[in-house]
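Trainee: Predicted coordinates and the sequence they were generated for:
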Amino acid sequence: MTSEPSPVQLTFLGGAGTVTGSKILLKTARHQVLIDCGMFQGLKQLRLLNWQKLPLNPDELDAILLTHGHLDHCGYLPVFVKNGYTGPIHSTHPTRDITNIILNDSARIQMEDAAEANRGGYSVHHPAKPLYNLDDVARTMPLFETHNYGEWVILNEDFKFCFRNSGHILGSAVVELKCQGRTFVFSGDIGQRQPLLMDPPLRLREADYVIMESTYGDRLHPDLSPYQQLQEVVEHTYAKGGTLVIPSFAVERAQELLLILNTLREEKSIPALPIYLDTPMGIDVTDLYLTYHKWHNLTRAETETMMRNVHIIRDFEHTQHVLDTHGPKIVIAGSGMVTGGRVLYYLERLLGDARNTVLLVGFQAPGTRGSLLRSGADEIKIHGNYYKVHAEVQQISSMSAHGDQADLLWWLEGFKKAPMQVFLNHGEAQASEALRMKIKDKFKWPVTIAEMGTTYYL
């Protein structure tokens, strides 16, 4: 890495110093591509970035390459399209379909939240408006061009790329990109070495530049069985006579929960409690596991097991019915960080009762309601009102779709020679710094923690 400008520029427009809003611009004198186009979530100062003027002119982009369909990687696509982007959006086949589900759900939630804020008069904006709507999503999806793992795609004389399995969620990918004789590897999000549903991440052998996520760069997942942990939480809540509410990500986490709960139930390891899946998005994604049965490690029979003994809740009227149903039960509802979605209505009703349990089963970004619950907040704000937290809050970390520090180092061990530079992004400051030190000590490689808005000349 030099301090003088040269033909290739790398700029982090999001996902640097934070785990949300992932956007990485790679630019030459003639062309430019964007890797991921995510929405900022969590702390208010991050969410406000979604409303700022775009840091680039979308119609100057040659292409957008999407690593996977989580909102923090794909959720800003309709904004780019609203502002003039008409180029291709490249992804794997499952990522396109997941993104379609995620973006439509995001648009609906934004539209509903804006309408609710206008009715309740608690928005500082008059009137409150969504960042984008369903029409914007409808204009975005036709731009997708999809590919298999290992399929090389030539964009122009400067860029060609292919997707490699990252083991994170269905269709998730590492981007291997060739640019002017140099190899750039963008990790996206790396899964654990032994994912529950996915095949393990593919380790690449060489790269000149590695752009690496660091979400769990400062910690190790507990060496515990998610089956045993979930069994204990279910039995504990049942003994209290309460309801178990699990805020869940719609992609992979909901499917893991369904698989584990149904397996435990059929083994009679947990009581035969009613299980409700109240996330329309999660229901649709579960269907994709049957469509893309070669993109995960479950058999068709195991995949079909997910939906056994599950009550599907698609509309809000049925949500109200579940809320009015007495007796112990298990509710899986979106969203995973409690930032919106159906789970908010359950928490409004159930947080005040100590018999109930809220189980967090994924990463909770700072500033989200999930993070507040995890840290022991006495009350949380939902739909403009404050609710006391008397329900028990527990967390299972072993189900994370993100690799921990040991998994990330294992993935880096696949490179047979030292990269010219490793850039760490997609992590809070403490996590990125801990991983930087580990890489320096273990591999002796040059490592830079990416800074938001900074351009690196390569």
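Mentor: That came in fine, so what should we check first?

Trainee: Could I get the full set of strands for the stretch 201-350 of the chain?
Mentor: 209-213, 243-247, 275-278, 310-312, 329-333 (DSSP state E, counting those that start in this stretch).

Trainee: any low-confidence regions in the stretch 1-150 of the chain?
Mentor: Counting by pLDDT under 70, the stretch 1-150 of the chain has low-confidence residues at 1-6, 121-125.

Trainee: Now do the helices in it.
Mentor: 44-47, 71-74, 77-82, 93-120, 134-140 (DSSP state H, counting those that start in this stretch).

Trainee: Find the one among the strands of the stretch 201-350 of the chain with the highest mean neighbour count.
Mentor: The highest mean neighbour count among these, using mean count of other CB atoms under 10 Å, belongs to strand 243-247: a mean of 27. From N, CA and C alone the C-beta is placed, and that goes for glycine too.

Trainee: Spatially central residue for the protein, please.
Mentor: The chain has residue 70 as the residue nearest its centroid, 3.8 Å off, counting by CA atoms, centre = their mean.

Trainee: how about residue 49, what does it touch?
Mentor: Going by CB atoms under 8 Å, 6 or more residues apart in numbering, residue 49 touches 14, 21, 40.

Trainee: would you turn these into TSV with distance to residue 414 and neighbour count?
Mentor: Converted to TSV, the contacts of residue 49 look like this (distance: CB to CB, whole Å; neighbours: other CB atoms under 10 Å):
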residue	distance to residue 414	neighbour count
14	27	28
21	28	28
40	31	25
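
Trainee: Of those residues, which is the nearest to residue 47?
Mentor: Taking CB to CB as the measure, residue 47 lies nearest residue 40 of the contacts of residue 49, at 5.6 Å.

Trainee: In contact with the nearest residue to that closest one once chain neighbours are set aside, which residues?
Mentor: Nearest non-adjacent residue to residue 40, counting by CB to CB, 6 or more residues apart in numbering: residue 21, 3.7 Å away. With contact set as CB under 8 Å, 6+ apart, residue 21 has these partners: 13-15, 38-41, 46, 49-50, 72, 76.

Trainee: quick one on the thing from earlier: go through the helices of the stretch 1-150 of the chain and name the closest to residue 237.
Mentor: Closest approach to residue 237 among the helices of the stretch 1-150 of the chain is made by helix 93-120 (27.4 Å; CB to CB).

Trainee: Relative to the whole chain's centre, how far out is that closest one?
Mentor: Relative to its parent chain, helix 93-120 has a centroid offset of 15 Å by CA atoms, centre = their mean, to the nearest Å.

Trainee: Then stretch 254-274?
Mentor: Worked out by CA atoms, centre = their mean, stretch 254-274 lies 24 Å from the chain centre.

Trainee: What lies in contact with it?
Mentor: By CB under 8 Å, 6+ apart, the residues outside stretch 254-274 that reach it are 196-197, 226-227, 230-231, 234-235, 238, 244, 246, 248, 275, 277, 279, 282, 285-286, 289, 298, 302, 305-311, 325, 328-330, 332, 334, 361, 399.

Trainee: Indicate which one of the strands of the stretch 201-350 of the chain is closest to residue 153.
Mentor: Of these, nearest to residue 153 by CB to CB is strand 209-213, at 18.5 Å.

Trainee: I'd like to know which elements that closest one is packed against.
Mentor: Packing partners of strand 209-213 (3 or more CB pairs under 8 Å, 6 or more residues apart in numbering; DSSP states H and E): strand 182-186, helix 405-412, strand 421-425.

Trainee: Stretch 128-146: which residues count as buried?
Mentor: 128, 130-134, 136-137, 140-141, 143-144, 146 (16 or more other CB atoms under 10 Å).

Trainee: I misspoke; the intended subject was stretch 85-99.
Mentor: By neighbour count on 16+ other CB under 10 Å, the buried set for stretch 85-99 is 85, 87-99.

Trainee: CA atoms only: put that stretch into PDB for me.
Mentor: Output in PDB follows, covering the C-alpha atoms of stretch 85-99 (Å, rounded to 0.1, in the frame of the first residue of the first chain):
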ATOM      1  CA  TYR A  85     -28.800   3.300 -10.900                       C
ATOM      2  CA  THR A  86     -29.900   1.100 -13.800                       C
ATOM      3  CA  GLY A  87     -26.900  -1.300 -14.100                       C
ATOM      4  CA  PRO A  88     -26.700  -5.000 -13.200                       C
ATOM      5  CA  ILE A  89     -26.900  -6.300  -9.600                       C
ATOM      6  CA  HIS A  90     -24.900  -9.600  -9.600                       C
ATOM      7  CA  SER A  91     -25.600 -12.300  -7.000                       C
ATOM      8  CA  THR A  92     -26.100 -16.000  -6.600                       C
ATOM      9  CA  HIS A  93     -29.500 -17.400  -7.400                       C
ATOM     10  CA  PRO A  94     -30.700 -17.900  -3.800                       C
ATOM     11  CA  THR A  95     -29.400 -14.400  -2.900                       C
ATOM     12  CA  ARG A  96     -31.600 -12.800  -5.500                       C
ATOM     13  CA  ASP A  97     -34.700 -14.500  -4.200                       C
ATOM     14  CA  ILE A  98     -33.800 -13.800  -0.500                       C
ATOM     15  CA  THR A  99     -33.200 -10.200  -1.400                       C
END
